[in-house]
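1. can't give you the sequence, but here's the structure:
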């Protein structure tokens, strides 16, 4: 079935990217660090702010965030989209960006994100207010500590069905930290061992604090434009993007060991025309240590149930056969609440060869995967520094 | 429950009111005869709007669980997912004595004070 206009393959390129306020933004707020990232990304793309006629972003707390951000930036976009599918949003935005630019709705889109939870407005600090505005009457009476408890339920089920161990989960955190140690921008860079992960404070069993992502400040932005108009020397082509939904509440997820990441990744690869073997590096939203295990299985890098063994022995760490989350991920680099923007920026930097000590050799094609909610929404894109 | 069948009553409100009155009720589709949860306007299996509220069967199997240690904000607690014998899943908590073990048999009962369903280990 023809479900995709083939002209969209590689129709847009990422021509600029930037981060700001990664880790501790020093008291700067959401808008301030987002603005820093946007201005730098636009400069990096060889454009002026006046050239920006499309704006995309998402926020966990501001109901008219896009207008607020445009106002702050002093831009007047003629295309705006704020698709909010949790942490998967920014990867998903590439799908609408490709369609919008191909349809002539605008020329240069900035996709931006910024949040500074260390100032006191973290996900847990605001959860009471959000619960009043956005109730979940069939889960809240049991006080799950969300999001960790929902992921803990998936983890426990995966351990039960496939014999996945806490040591194997810890391998994911240890690999992320090993990458972070090579990344000057990463927030957590001290050594981390399997024992450190296992003996950390229990958050929601079987997940300890080190199985859970950081809560840091951070902003990121990418500039996308029609591939044939890319003004930069090293455009990164967006070959194909796809998204998928399965549920909102973990109690409505049919099988807690199977996400729809397989669907979004399969469709993104099909649209991009690349096989798994073509993928040189992978950025997976690692909100919790179970996530990369589930996504690698669902995407077909290994068989269902074998993810724990797959991530062990340093396979996804520096020097391993599959580079995963080369910036240190949400577990060790940055996690303000919705991470996928940082997977995008890291993939662009890798494909441009800008990553210094952590640079993946001959990085040509990257798969970036965003996850939203509690394994609820999935979005995948395939990026490359080539186009055929 | 004519109002509920015609879609003029809130399924969410009906479910909570039944719980507060000490009754465990579930929507059963008149079209495909299957139960569905959480309460909503149309059957999740066949999309029919023609349903009835029936007493819920209490038997369930533990699908997954997590234990959350006490914090200054909240007491220690467990959160479970229970697969009901009638074919739907609920989030809840295991109360009373009993081991949290995937596959163990559970029995649902209403907790009227908090308008929620809780579970106990099934009597041997």
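-> Received the coordinates, thanks. Keep in mind that this is a model prediction, so the values were computed, not measured.

2. for chain B, what are the nearby residues on the stretch 201-350 of chain A?
-> For the stretch 201-350 of chain A, the residues in contact with chain B (Cβ under 8 Å from any Cβ of the partner chain) are A:201-207, A:249-252, A:256. Glycine gets a C-beta too; all of them are placed from N, C-alpha and C.

3. Give the rounded mean pLDDT of stretch A:176-184.
-> For stretch A:176-184, mean pLDDT rounds to 98.

4. got it, and stretch A:272-289?
-> Average pLDDT, stretch A:272-289: 98.

5. First-to-last residue distance for that stretch?
-> Distance across stretch A:272-289, first residue to last, is 28 Å (Cα to Cα, to the nearest Å).

6. neighbours of residue A:177, just the number please.
-> Residue A:177: 25 surrounding residues under other Cβ atoms under 10 Å in any protein chain shown.

7. wait, is it part of a helix?
-> Yes - according to DSSP: H, G, I helix; E, B strand; the rest coil, residue A:177 belongs to a helix.

8. Now for the spatially closest residue to it that is not a sequence neighbour: which residues touch it?
-> Leaving aside its sequence neighbours, residue A:177 sits nearest to residue A:192 (Cβ to Cβ, 6 or more residues apart in numbering or on different chains; 3.9 Å). Neighbour list for residue A:192: A:173-174, A:177, A:210, A:332 [criterion: Cβ atoms under 8 Å, 6 or more residues apart in numbering or on different chains].

9. now, which of those residues lie within helices?
-> Residues of those located in helices (DSSP state H): A:173-174, A:177, A:332.

10. Can you pick out the most distant pair from these?
-> A:174 and A:332 (9.6 Å; Cβ to Cβ).

11. neighbour count winner among those two?
-> More crowded of residue A:174 and residue A:332, by other Cβ under 10 Å: residue A:332, with 29 against 26.

12. If I look at the more buried one, what pLDDT would I see?
-> Predicted confidence (pLDDT) for residue A:332: 98.

13. how close does it sit to residue A:289?
-> Distance from residue A:332 to residue A:289, counting by Cβ to Cβ, to the nearest Å: 11 Å.

14. residues shared between the contacts of those two?
-> residue A:173.

15. Quick check: residues of chain B near chain A?
-> B:12, B:16, B:37-38, B:63-69, B:74, B:77, B:79, B:81, B:89-93, B:102, B:114-116.

16. and the residues you listed, which are buried?
-> Buried by 16 or more other Cβ atoms under 10 Å in any protein chain shown: B:16, B:37-38, B:63-68, B:77, B:79, B:81, B:89-93, B:102, B:115-116, out of the residues of chain B next to chain A.

17. Let's see which of these end up in helices.
-> Using DSSP H, those in helices are residue B:16.

18. In contact with the residue of the stretch 251-388 of chain A found nearest chain B, which residues are there?
-> In the stretch 251-388 of chain A, the residue that lies nearest chain B is residue A:251 (4.0 Å; Cβ to the nearest Cβ). Neighbouring residues of residue A:251 by Cβ under 8 Å, 6+ apart: A:138-139, B:38, B:81, B:89-91.

19. for chain A, where's the lowest mean pLDDT among helices and strands?
-> In chain A, the helix or strand scored least confidently by mean pLDDT, DSSP states H and E is helix A:127-133, which has a mean of 83.

20. how much distance is there from it to the middle of the chain?
-> 24 Å (Cα atoms, centre = their mean, to the nearest Å).

21. And for that helix, what's in contact with it?
-> A:60-61, A:140, A:146.

22. Just give the nearest non-adjacent residue to residue B:70, would you?
-> Closest residue to residue B:70 apart from its sequence neighbours, by Cβ to Cβ, 6+ apart: residue B:76 at 4.1 Å.

23. Quick check: the gap between that neighbour and chain A.
-> Distance, residue B:76 to chain A, using Cβ to the nearest Cβ, to the nearest Å: 10 Å.

24. So that residue is in contact with residue A:205, correct?
-> No - contact criterion Cβ atoms under 8 Å: residue B:76 and residue A:205 do not qualify, at 10.8 Å.

25. Give the intersection of the neighbour lists for these two.
-> B:67-68.

26. So those two - more neighbours on which side?
-> residue A:205 (20 against 9).

27. Now do the contacts for the more buried one.
-> A:152, A:156, B:66-68 are the contacts of residue A:205 under Cβ under 8 Å, 6+ apart.
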